[in-house]
Each structure stands twice: as structure tokens, then as C-alpha cells.
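>>> Below are the sequence and a predicted model for it; my questions follow.
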Amino acid sequence: MGMIADALSGGGTYLKWETPGTTYTGVITDVTMRQARKFESTDLDFWDDGTAKMQVVLTLATAYRDASNPEDDGSRQLSINLWSGQKKALIAACKAAGVAEPEVGQEFTATHVSGIGNAKAPRVFEYALKAAPSGVAAVLEVAPAAAPAAAANPAETAKGLLAAGMSAEEVAAATGLPVTTVQALANLVAA
């Protein structure tokens, strides 16, 4: 999808949380703050005192692809409410990773623990954040809102990520290359 199509559709492809136990992992390519929308509406959401309800929106480079969309590069977005359990889960993930906040180049995992996503049964999440080895963001050549898969040569990007200490699975998720290809590249980097 192009930038205009993304904007018209709400800004990107969001992760789907249909059943508890669903887990997604990807490398963060963009972190932004925005005002939340009212549940099942496009209206902006506010607290009773008029203060805007805010969310952190992470864009992740993932290994997930929609087979019906040949242009799907695996880029997915995740909104994290800055109130209730989602905020607490994000703070816990940051503390466990020894970082102040999520940043581009870090690996992020979100797991849907329980709930169906309504007022009576809100979704509960657990998050895990893995601080990136130094220099990974530079190796990825990540510009805001750009996915690592958009790099000129995914094999060269994969070699750089492997040299920076990422696992074959992490590199596969970040570049969109099959794990077997990344493992073969890892053997070349090690040689």
C-alpha cells in the first residue's frame, strides 16, 4: 500500500487480536504518540476533564504476510493505551529490558493474554522488549515509518544484522527473508 492508501485506511495494517494466546514479534521501525479514538468509532477520545486519551503506536517489521496482498511487506502497527493494564504492561517490558521507552531497532513481542476487547472483558496483554544491539538501527537504515524490508538489498541488511548479534529468527522477521536463507547468510558471515 502506498502512503496515501495507508492514510486513507487509518495509517497502516494493525495486528489482529482475535483469540487469547496470539503472539506477534517484530523489530520496531517507528514509535509515535497519538490521541486514541472512541471504541468502535472514528471520534477522538477524551477524559471527563477534557484531556486527550493518548496511545503509543509501534510500527513493527514482522514476518507476517497477507497472502492475498502481494504488496504486504510485513509492516504492522500496534496501539498501546497509556492507561490501565496496557500502560502497566509496557512499563514492565521497558524495565525488564533496562530501557526507558521503546525505540527503533528494538525487538518487541506482544501476547494477548485474555479478554475479547469490550468494556466487560478488555484485552489484557503482556509485552516483551529486547534492547537492540548497538548500531542495529543504523544497520537497518531505518527512517521513520520505513520498514527494514525496504532496504536496497535484504541480503546485505541481513548480514549486517547478523554481524550486530541478532539471531537468524530475528533477522528473518526484520528483513522478510526465509529463516533458511538467513541461516545460510549466517554461515557466510561466520566464515
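All right, it came through fine.
>>> Now do the strands in the chain.
For the chain, the strands defined by DSSP state E cover 23-35, 54-61, 75-81, 107-114, 124-130.
>>> got a pLDDT number for the nearest residue to residue 154 once chain neighbours are set aside?
Spatial nearest neighbour of residue 154, excluding adjacent residues (CB to CB, 6 or more residues apart in numbering): residue 175 at 4.6 Å. C-beta: built from backbone N, CA, C; applies to glycine. On pLDDT, residue 175 comes in at 76.
>>> Repeat that for the one 10 residues further on.
With respect to pLDDT, residue 185 scores 76.
>>> My guess is it contacts residue 160. True?
No - counting by CB atoms under 8 Å, residue 160 is not a contact partner of residue 185; they are 10.2 Å apart.
>>> hmm, back to that, can you report how many residues neighbour the residue nearest to residue 154?
Residues lying near residue 175 (other CB atoms under 10 Å) number 29.
>>> okay but it is in contact with residue 159, surely?
No - checked against CB under 8 Å, the pair residue 175 and residue 159 is beyond contact range at 10.0 Å.
>>> Quick check, central residue of the protein?
Closest to where the C-alpha atoms of the chain average out (CA atoms, centre = their mean) is residue 60, at 2.5 Å.
>>> who are the neighbours in contact with that residue?
15, 24, 25, 26, 27, 28, 29, 75, 76, 77, 78, 108 (CB atoms under 8 Å, 6 or more residues apart in numbering).
>>> from those residues, which is closest to residue 101?
residue 28 (10.5 Å; CB to CB).
>>> Which strands or helices does the longest helix along the chain pack on?
Looking across the chain with DSSP state H, the single longest helix is helix 84-97. In terms of contacts (3 or more CB pairs under 8 Å, 6 or more residues apart in numbering; DSSP states H and E), helix 84-97 is packed against strand 75-81, strand 124-130.
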